[in-house]
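Student: Make a model of this:
(2 chains)
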Amino acid sequence: DAGVIQSPRHEVTEMGQEVTLRCKPISGHDYLFWYRQTMMRGLELLIYFNNNVPIDDSGMPEDRFSAKMPNASFSTLKIQPSEPRDSAVYFCASSLGGGWQGTTEAFFGQGTRLTVV
Amino acid sequence: DQQVKQNSPSLSVQEGRISILNCDYTNSMFDYFLWYKKYPAEGPTFLISISSIKDKNEDGRFTVFLNKSAKHLSLHIVPSQPGDSAVYFCAASAYGNQFYFGTGTSLTVIP
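Tutor: I've put the predicted structure just below:
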């Protein structure tokens, strides 16, 4: 398997524009996570899905952020409108199972570095 | 509120010596703990984990210790190598759902 694939790797956009980040999880994984990495907060969980259903989006900073998972092999994180303070590295991760099924580690993509100017 | 804390942003160690990275957590429901390693421009990669039913797990040069009463875990790297220089994240999970991460510790191993 190619691992978790994120696109684009880098994104530079102007303030006010819409930004869409994309993620393809590892095939067969039933959990998908979106994280944001900042110096102050480290890896901050934004939202996670189980079997394509959003379970907890309490980490999404504002209504400007939204995430979807239309099928088991694709997820998007959208920021509209974008602001300079959204500049960060955004990671997608996926994992298999949980709870009684046994816990496995989360596998991360290479991240998308977002710069909003 | 940060449920997983890494209070040392950076650590420098001589090659061959032991590196000890520390992590504290606040949620007593956490039952699974992980360490990740991250190189620049790459995603974090899984290093080692420990279940709450254990107090130690070893994998080669890497050992993780868990002290549930103190809500503290540590990662020991012996002997440290220059290739170990990276940012190390501690993470915790309750029932294998969400993974909560700390802010990371940047380790530099000096040749």
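
Student: Every contact and neighbour count from this point should use C-alpha atoms.
Tutor: OK.

Student: mind listing what the residue of chain B at minimum distance from chain A touches?
Tutor: Relative to chain A, the nearest point of chain B is B:Thr103 (3.6 Å; CA to the nearest CA). Taking CA atoms under 8 Å, 6 or more residues apart in numbering or on different chains, we find B:Thr103 in contact with A:Met39, A:Met40, A:Arg41, A:Gly42, A:Leu43, B:Lys5, B:Gln6, B:Pro9, B:Phe89.

Student: what ranges of the chain fall below the confidence cut-off?
Tutor: Using chain A here. For chain A, applying pLDDT under 70 flags the ranges A:1, A:98-103.

Student: Not quite, go with chain B.
Tutor: Filtered on pLDDT under 70, chain B yields the residue ranges B:96-97.

Student: Helices of that one, residue ranges please.
Tutor: Secondary structure of chain B by DSSP state H: no helices are present.

Student: That one against chain A: which residues are in contact?
Tutor: B:2, B:32, B:34, B:41-46, B:95-104 (CA under 8 Å from any CA of the partner chain).

Student: so can I have TSV of the contacts of B:Thr103 showing distance to A:Ile5 and neighbour count?
Tutor: Formatted as TSV, the contacts of B:Thr103 follow (distance: CA to CA, whole Å; neighbours: other CA atoms under 10 Å in any protein chain shown):
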residue	distance to A:Ile5	neighbour count
A:Met39	23	10
A:Met40	26	9
A:Arg41	24	16
A:Gly42	21	19
A:Leu43	18	25
B:Lys5	28	22
B:Gln6	28	22
B:Pro9	29	14
B:Phe89	21	29
